[in-house]
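A.B. asks: Give me coordinates for this.
(2 chains, ligands or ions: 2)
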Amino acid sequence: MAMAGEKGRGRLLVIAVPYLWLLALFLVPFLIVLKISLSQDVIAQPPYSPVFDIAGGWAGFRDFLSQLSLANYGYVLSWDNEFIAAYGSSLVIAGVSTALLLLIGYPIAYAMARAPKGLQPMLLMLVILPFWTSFLIRVYAWIGILSPEGFLNQGLAALGLIDQPLEILNTDLAVYIGIVYSYLPFMVLPLYSALEKLDGTLLEAAEDLGCTPFKAFWTVTFPLSLPGVAAGALLCFIPAVGEFVIPDLLGGSDTLMIGKSLWTEFTVNRSWTASSAVAVLLLVLLVVPIVIYQNIQARQLEAGR
Amino acid sequence: MAADKARTQTIGAVRRTFAPWNDPTATPLIRFENVAKRFGEFVAVDGVSLDIYEREFFALLGPSGCGKTTLMRMLAGFEEPSAGRITLGGQDLAGVPPYRRPVNMMFQSYALFPHMNVWDNIAFGLRQDGMPKAAIKARVEEVLALVKLEPFARRKPHHLSGGQRQRVALARSVAKQPKVLLLDEPLTALDKKLREDTQFELMDLQMSLGMTFLIVTHDQEEAMTVADRIGVMNLGELVQVAPPAVIYEQPATRYIADFIGDVNVLETKVVTAGAEGVELASEKTAYPLHIAQPLDAAVGDTAWLAIRPEKMRIALVPPAHLADNCFEGVIWDIGYLGDLSIYHVELACGTRIKVSQPNVSRLVERPITWEDKVWVTFSPDGGVVLTR
Ligand SMILES: Nc1ncnc2c1ncn2[C@@H]1O[C@H](COP(=O)(O)OP(=O)(O)OP(=O)(O)O)[C@@H](O)[C@H]1O
Ligand SMILES: [Mg+2]
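C.D. replies: Numbering: from 1, shown residues only, chains lettered A, B, ... in the order given. Ligands and ions are numbered 1, 2, ... in the order given. Down below sits the predicted model:
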């Protein structure tokens, strides 16, 4: 009996650690942000009210609750402000980027998975290599490439292909280039791991039964790589929606993205409460694709893969 | 029952007379001509020449790694031969992709599509041919019934047992009714009863559809049961091709004799050799050994006498008129198998030979028992003399 108790406690500990971790580093901060989003701006320290004070006791707590309001959500979701447009534009930019990433990442991952086994570790290394340089520096480097007097324009001019420099920097196009470039490893790696697991005899079986290699790809390879597609798409889509650095550095003043709006709300308007509301709404918005992903995963699990 | 009888008669009639390999005017359906396959330095298949005829049920036997699967994969189109050529119905198959070959293969690893259920797996090949929906449905149902998997049609492969998966793989490969069906160890995961049933189903299928079967198996009994001819492979070479009875009774080499069934192989010296028979002498016995088999060998040559356990008689007293073909020894061990008993007889020189005797009576105490002195005899046509 004592042994069983010991064992039960050990198991409890093992389960408790990740839960405590999530509680301390995810749930608690989220609740703080949620609380701030329901508060009002004041010129004070901290710059919002009410402040929860344990000394107030039960009455103080009820008073605290009564002061919370959804006013900030009304502000963020009002058509007069740019937030709704920014959410929409972020979703579009992230969606298009994810589609581009899939189009570019899939062939790369496929080629890697089909490369000779001895070559694959090196190819993987090449995909991971950019992480050795700071993300920020790599995005700055794109400014040097895309600016009117940058490498790209100089190169094209030297080749005689253009006589006017192309306007790329500070446009949405630069944002797409930046996102696709930065997120490519996050697309390629899950795709590669899904494609690499694929049993080659399945393709042989498909061909044996009369499929051309092209058709075998669409009937066997692609469906079996869908978990990788879903994982890669989410790994790119979710952070891309909230992306701030890339639109800030490469995008133009009219590039609308929610990360940038949040930044402006926080630093320029100095509204902690409204920016918290933006953040909470963004989270709610992203829960939808995560739930879809979970559903796909559950289906795949049910299918045993 | 009447149908069963009719079936046996048709199978019997066809099989009794089916021997196109003896007919010089018959053209083979499949020809391997000096086919070799190398993987780097390693020679997996080494100069195989083999003709397989239409409607033949051909079995490949051989130890693990001898190149059976490789030979099949070359016929299916997954490997190109390093040398030689393969023709099917007179057409050279070099460069013809797998999806254009009228050949279907059942993979040793099954290769079932994990994202499709049993039904879709079986229908896969039919859909590629653009068969009408109703015809596909009928065909899939027919094949499902054949492998007794109707209740599992909607299951995904990993929710099936190993034997069920194997049957799905079999069903998928026969569904298209290809001209040539390649089966790589198709029945290993099935229990004895189901395996025997399926063997007969396969033979039936082959009869009714006129398909040509090439089957790889490790089960000699299975090869003997289903095959018109057996090819024995070793180290990438085809060492003998013959009908089952010939392989068993007249193996070409000691290796084949040993590989197929149980056998005693004794080294001997040729005393006389001629068209009527051979006389051999062995250190293992004082008696001369006479074998009714023409042999082309010189006096004093080494030859091996291969004799199967069931071809010998065992007795506690010397038989009357004993003059030749006898071993004297002591019972070293007895294995009781129910239908027969295997006697391990130790000869004076220490060599042990195996003799099997059917247990014709229900006597519980055996007349012959441990450490009895016995005389083991055999008739001149009981053994085979091998020179290789
Ligand atoms: N792609 C390959 N590369 C290198 N060697 C190979 C390859 N395929 C097969 N071989 C080798 O060729 C030999 C024959 O293989 P094969 O699969 O034909 O054997 P098998 O007779 O089917 O054996 P088993 O009865 O175990 O299935 C083996 O030694 C194997 O290691
Ligand atoms: Mg094999």
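A.B. asks: Going by residue numbers, what spans are helices in the stretch 201-305 of chain A?
C.D. replies: A:213-216, A:222-241, A:245-250, A:258-267, A:272-302 (DSSP state H, counting those that start in this stretch).
A.B. asks: which stretch among the ones you listed comes nearest B:Gly77?
C.D. replies: Taking C-beta to C-beta as the criterion, helix A:213-216 is the member of the helices of the stretch 201-305 of chain A that comes nearest to B:Gly77, at 12.1 Å. Where C-beta positions appear, they are placed from N, C-alpha and C, glycine not excepted.
A.B. asks: Give me the buried stretch members for that closest one, please.
C.D. replies: By neighbour count with 16 or more other C-beta atoms under 10 Å in any protein chain shown, helix A:213-216 contains the buried residues A:Ala216.
A.B. asks: export that helix as CSV, just CAs?
C.D. replies: Presented in CSV, the C-alpha positions along helix A:213-216 are these (Å, rounded to 0.1, in the frame of the first residue of the first chain):
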residue,chain,number,x,y,z
PRO,A,213,4.1,8.4,-60.7
PHE,A,214,2.3,11.7,-60.9
LYS,A,215,-1.1,10.1,-59.9
ALA,A,216,0.6,8.1,-57.2
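A.B. asks: Quick check: mean pLDDT of that helix?
C.D. replies: Regarding helix A:213-216, the rounded mean pLDDT is 92.
A.B. asks: And that helix, what does it pack against?
C.D. replies: Here helix A:213-216 touches helix A:200-208, going by 3 or more C-beta pairs under 8 Å, 6 or more residues apart in numbering or on different chains; DSSP states H and E.
A.B. asks: same for the helix it packs on, what does it pack against?
C.D. replies: Counting contacts by 3+ C-beta pairs under 8 Å, 6+ apart, helix A:200-208 is packed against helix A:213-216, strand B:103-106.
A.B. asks: Kindly reformat those as CSV containing distance to B:Asp258.
C.D. replies: Shown next, in CSV, are these (distance: least, C-beta to C-beta, whole Å):
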stretch, distance to B:Asp258
helix A:213-216, 43
strand B:103-106, 29
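A.B. asks: Show me the one of the ones you listed that comes nearest A:Leu281.
C.D. replies: A:Leu281 lies closest, by C-beta to C-beta, to one member of the helices and strands packed on helix A:200-208: helix A:213-216, at 44.2 Å.
A.B. asks: How about residues contacting the closest one?
C.D. replies: When contacts are defined by C-beta atoms under 8 Å, 6 or more residues apart in numbering or on different chains, helix A:213-216 is touched by residues A:203, A:206-207, B:128.
A.B. asks: Secondary structure element for A:Arg138, which one?
C.D. replies: helix A:135-146 (DSSP states H and E).
A.B. asks: Tell me the helix or strand right after that helix.
C.D. replies: For helix A:135-146, the following helix or strand on the C-terminal side (DSSP H and E) is helix A:151-158.
A.B. asks: quick one on the thing from earlier: could you find which two of the contacts of helix A:213-216 are furthest from each other?
C.D. replies: Once C-beta to C-beta is applied, the contacts of helix A:213-216 give A:Leu203 and B:Gln128 as the farthest pair, at 13.5 Å.
A.B. asks: Next, the angle from the helix or strand containing B:Ile122 to helix A:200-208.
C.D. replies: For B:Ile122, the host element (DSSP H and E) is helix B:118-128. On the basis of axes from the mean of the first three to the mean of the last three C-alpha atoms, to 10 degrees, helix B:118-128 is oriented at 50 degrees to helix A:200-208.
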